[in-house]
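1. Sequence first, predicted model second:
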2 protein chains.
Amino acid sequence: MRHRLKDVAERAGVSVKTVSNVVNGYVHVRPDTRARVEEAIAELNYRPNLSARHLRKGRTGVIALAVPELDIPYFAELARHVVTAAADFGWTVLIDQTGGGREQERVVASGITDHLIDGLIFSPLALTAEDLASLDGTPMVLLGERIDHGPADRVVIDNVGAAREITSHLIGLGRRRIAVVGSQRTDEGASARLRLAGYADALRAAGLDYDEALVAPAPAWHRADGAAAMRGLLTSGVRPDAVFCFNDTLALGALRALHEAGLRVPEDVAVVGFDDIEDGRFSIPTLSTVAPDKAQIARLAVELLANRLDGDRTAPAREVSAPYRLEFRESTQTP
Amino acid sequence: MRHRLKDVAERAGVSVKTVSNVVNGYVHVRPDTRARVEEAIAELNYRPNLSARHLRKGRTGVIALAVPELDIPYFAELARHVVTAAADFGWTVLIDQTGGGREQERVVASGITDHLIDGLIFSPLALTAEDLASLDGTPMVLLGERIDHGPADRVVIDNVGAAREITSHLIGLGRRRIAVVGSQRTDEGASARLRLAGYADALRAAGLDYDEALVAPAPAWHRADGAAAMRGLLTSGVRPDAVFCFNDTLALGALRALHEAGLRVPEDVAVVGFDDIEDGRFSIPTLSTVAPDKAQIARLAVELLANRLDGDRTAPAREVSAPYRLEFRESTQTP
DNA sequence: AACGTTGCCTACAACGTTGTACAAACGGTG
DNA sequence: CACCGTTTGTACAACGTTGTAGGCAACGTT
C-alpha cells in the first residue's frame, strides 16, 4: 500500500539513488530527470520512511519535551511554545509526561532517550545532577531549574530575583503579614526553595521578620493544594494581609479558599502568583503574577538544542537566562 | 558510545540473534546463556534501537495524539488520560498540536502519519470526511465529533443529548431567556452545531421560543472569546437570565464579563459550561457543567486503536460512545 | 542401532534509506 | 582529435534489528 524509493525509481525509469537525490534536493540532477521523478513521486504519493532514514542518517527530526504534568496550565502553555519554536527548525515534538517523581523522571530521561529522538528538552522537578550524569548520549536541555552544575545546557529564570520583586511589591502596598503558599521541604522542590529564598530576602530588606507560621507547604502545586494550604493558614489563626503563592494554580486555589472564608481580595488579603497562566487573566479577581517569557524560554531551549546537535557535543554546558516581568492585576490593586 | 546487539553478543560469546531472542523474551534459551547475555546487557547498558526495530518489524510502539490546542485545558486533560491509557499497552504517545484549521489538520494527519507512528488518535475541528478518505495507511481513531460517516473508528459523546439535558436543567430552574455562547457558522464547528441542536431541542420541548438574538457566536473557544461574546450579548440589550456556554473556557470568560458588568451569578444569570475542566471546580463561582468521562474516552480510543492494529485493518469502522454526567455547582445553584 | 523429536543456537537475508565509489556521457580546450 | 574536468547517473554496502531456515546435540522411541 505504501510505496518505497524503489517503486518510484521503477516508475520513473531511474535508479533508487537518483530518486533519493531528488527527494533530498541534491543539485546534479538534470531538470527533465528531476521532473520525471517528481511526477512519479506525486503519482504514487510517495513519502519517505523516517525510520529507515533515521537508521541511515542518525537523525529523526523528532525532539522530545518532558514535563511533569500537562494539565498544569503552565506546562501546557510552555509545550505550545516549544512546539511552535521547534517547527522553525523542522522538528516534530514528542511530548511526554513524567509525573514529576524522581524515579519516573529517571525512567523517562533514560528511556525516551533511547533512540527515537534527536534531543530532549526536560523540565525536571526532582531529578538530581547525579541522575543526569548517568545519561550518556542524547543531547538535553533543562528548563527552569538549576540542578546544581549538571552536565546539561539549561534555560533558567531568576527565581530568587522574581520572588524578591513580587514580595517587595506586596510590602510596598503596605502589607506586613505576608504568607507563602507552596513551600516544599523535600529536595524535589528546587523552585520552591529558590522562591522562598527570594521571599525571605525581600522581608529582610524591608526589616520584617520571617515567620514560620506564615509559610504553608503544598505537596503539589494544583488548585486543590492551594485551596487546602490557604484553608490551613486561615484556620491556624494567623491572619495574613497578603499571600505569595509559588504558582498561579496554587493562587487560584487560594482565591477560592479566601472567597469561601468570606475574605475580600485584595481589600483584606492581597494575592500574587507565579507563571502568568491564562486563567489568571480571567479569574475573579484577576491575578497579579510573575510572568516568565514562555515564548522566549521555549525559543532559547530549542536553540540550545540545535546548537548542541549541530556543534560540538562535548563543549561545556551553557546556561542562558530568560526574562520575566511582573503583571499587576486586580488581586493586588484596589479598584 | 551507544552499544548494539553485536557488542553484547561479542561480550557474551553468543550470536547476535541469541541476544535478540533474550531481549524479546524468546523461550528457548538456556538459563545460563540467558544469564550471560543479560549480564552483558547490563554491563554495556544496552538499549535497543527503535528505528531499526521499526524498520524490521513495521511497528514503532509510538502512537500520536493530535489535538487543536494544548493550552485549552480540556485537551490537556484529555492528553494526560491518553498518555496513561496508552502506557498500559506499552505505547509512547507523541502529542501534536494542529492549531485547528482544516489545512493544518490535513498536514498533520497526512504528515505525521508518514512512518514514525503505529497509529493516530485525532481530535479534529475542521477536517472533513473527504480529507480523511485521502489518508490511506495508518490506523486512526477520531475523537469527539462525528465527521459524517468517514472511514475511521470514532469515540463520540452524545453532544445533542448532553446539551439538551443541561439546557433543560436551566429551564427547570425557572430560567426562560437562555442565551448561548459559542455558536459557529462555519463547517468547522461540528460540536457547536450539535450542542446548538440540543439546546434548541430543549427549548422546543419546554415550549420556549428560539431567539436568534440570544445566540452569540465565538470564533474560537478561549476565555477571551467567551468574555467578548458575553459582553456583546449584554450590550446588545438582550437580558438573558441564563447562559449555556459551549465549553468551560468560554464559560469562565463569560463569568468574568458578567462580573465586570456587575451581574451576580447565579442570582441574576445562571451559567453552565461543557467539559468539566479543573478550573471550573475552583472558579468563583464554581461552574456547573457537562462532564464527559475523559478517562473513558481516552481508554476507548486507545482500545479501538489497539484492535485496529492487531486485527483486521479493513474491517468496517466502529463507533463507540463514552458516557457523560451533569455536574451542578454554584453557577446554577443559589446557596 | 537407527530414527525422529525437541531444545538451543547460528548464519543469512531483509526492512528502506543514504554515503561512497565509480562509470558514462558531455562539453570545452590544446 | 585526444585529453581532461564536470555533470549525471548507477551499484553496492551499511545503519541495527528480527524472521527464516537450518545445524547440531541430547534425548526417547522403535
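-> Here it is on my side, so go on. Computed from a predicted model, the values in this text were never measured in an experiment.

2. And the strands in the stretch 151-300 of chain A, which stretches?
-> A:153-156, A:178-183, A:215-217, A:242-245, A:270-274, A:288-292 (DSSP state E, counting those that start in this stretch).

3. Could you report the distance from residue A:161 to residue A:167?
-> As for residue A:161, its distance to residue A:167 is 11 Å (criterion: CB to CB, to the nearest Å). No exception for glycine: its C-beta is placed from N, CA and C like everyone else's.

4. Check residue A:118 too.
-> In this view, residue A:118 and residue A:167 are 41 Å apart by CB to CB.

5. ok, now which ones touch the nearest residue to residue A:217 once chain neighbours are set aside?
-> Excluding the flanking residues, the one nearest residue A:217 by CB to CB, 6 or more residues apart in numbering or on different chains is residue A:183, at 4.8 Å. Shown in contact with residue A:183 (CB atoms under 8 Å, 6 or more residues apart in numbering or on different chains): A:189, A:192, A:196, A:215-218, A:246.

6. could I get these as JSON lines with pLDDT and distance to DNA strand C?
-> JSON lines is the format used below for the contacts of residue A:183 (pLDDT from 0 to 100; distance: CB to the nearest atom of the strand, whole Å):
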{"residue": "A:189", "pLDDT": "68", "distance to DNA strand C": "45"}
{"residue": "A:192", "pLDDT": "90", "distance to DNA strand C": "47"}
{"residue": "A:196", "pLDDT": "95", "distance to DNA strand C": "51"}
{"residue": "A:215", "pLDDT": "96", "distance to DNA strand C": "57"}
{"residue": "A:216", "pLDDT": "96", "distance to DNA strand C": "56"}
{"residue": "A:217", "pLDDT": "95", "distance to DNA strand C": "53"}
{"residue": "A:218", "pLDDT": "94", "distance to DNA strand C": "50"}
{"residue": "A:246", "pLDDT": "96", "distance to DNA strand C": "48"}
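
7. Which ChimeraX command selects the buried ones in those?
-> In ChimeraX, this line selects whichever of these come out buried by 16 or more other CB atoms under 10 Å in any protein chain shown:
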select /A:189,192,196,215,216,217,218,246
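
8. Let's have the contacts of residue A:183 in TSV, adding distance to residue A:6.
-> Below are the contacts of residue A:183 laid out as TSV (distance: CB to CB, whole Å):
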residue	distance to residue A:6
A:189	56
A:192	57
A:196	62
A:215	67
A:216	66
A:217	63
A:218	59
A:246	58
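
9. worst-scoring helix or strand of chain A, pLDDT-wise?
-> Of all helical and strand segments in chain A, the minimum by mean pLDDT, DSSP states H and E falls on helix A:129-133, at a mean of 68.

10. Show me what residue of the stretch 151-300 of chain A gets nearest to DNA strand D.
-> Closest contact between the stretch 151-300 of chain A and DNA strand D, by CB to the nearest atom of the strand, is at residue A:151 (23.0 Å).

11. Ramachandran angles for residue A:54?
-> phi -60, psi -50 (degrees, to the nearest 10).

12. For the host helix or strand of residue A:94, give me every contacting residue.
-> Residue A:94 is part of strand A:92-97 when elements are defined by DSSP states H and E. Here strand A:92-97 makes contact (CB under 8 Å, 6+ apart) with A:61-70, A:79, A:82-83, A:86, A:108, A:112, A:116-117, B:62, B:70, B:79-80, B:83, B:92-96, B:112, B:116.

13. DNA strand C contacts on the stretch 51-200 of chain A?
-> Contact residues (CB under 7 Å from any atom of the strand) of the stretch 51-200 of chain A with DNA strand C: A:52-53, A:55-57.

14. Tabulate those residues (JSON lines), appending pLDDT.
-> Below are those laid out as JSON lines (pLDDT from 0 to 100):
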{"residue": "A:52", "pLDDT": "87"}
{"residue": "A:53", "pLDDT": "85"}
{"residue": "A:55", "pLDDT": "84"}
{"residue": "A:56", "pLDDT": "86"}
{"residue": "A:57", "pLDDT": "82"}
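
15. And the furthest pair within the residues you listed?
-> Using CB to CB, these span at most 9.4 Å, a distance reached by A:52 and A:57.

16. Neighbour count: these two, which is higher?
-> Just comparing residue A:52 and residue A:57: by other CB atoms under 10 Å in any protein chain shown the higher neighbour count belongs to residue A:52, 16 against 10.

17. Quick check: closest non-adjacent residue to that one.
-> Residue A:52 sits nearest to residue B:55 (CB to CB, 6+ apart), 5.3 Å away.

18. what sits against the one you found?
-> Contacts of residue B:55 (CB under 8 Å, 6+ apart): A:49, A:51-52, A:55.

19. what domains does the record give for chain A?
-> A:5-48, A:60-157+A:294-324, A:159-292+A:326-332 (automatic domain parsing).

20. hey, least reliable of these by pLDDT?
-> Lowest mean pLDDT of the domains of chain A: domain A:60-157+A:294-324, a mean of 81.
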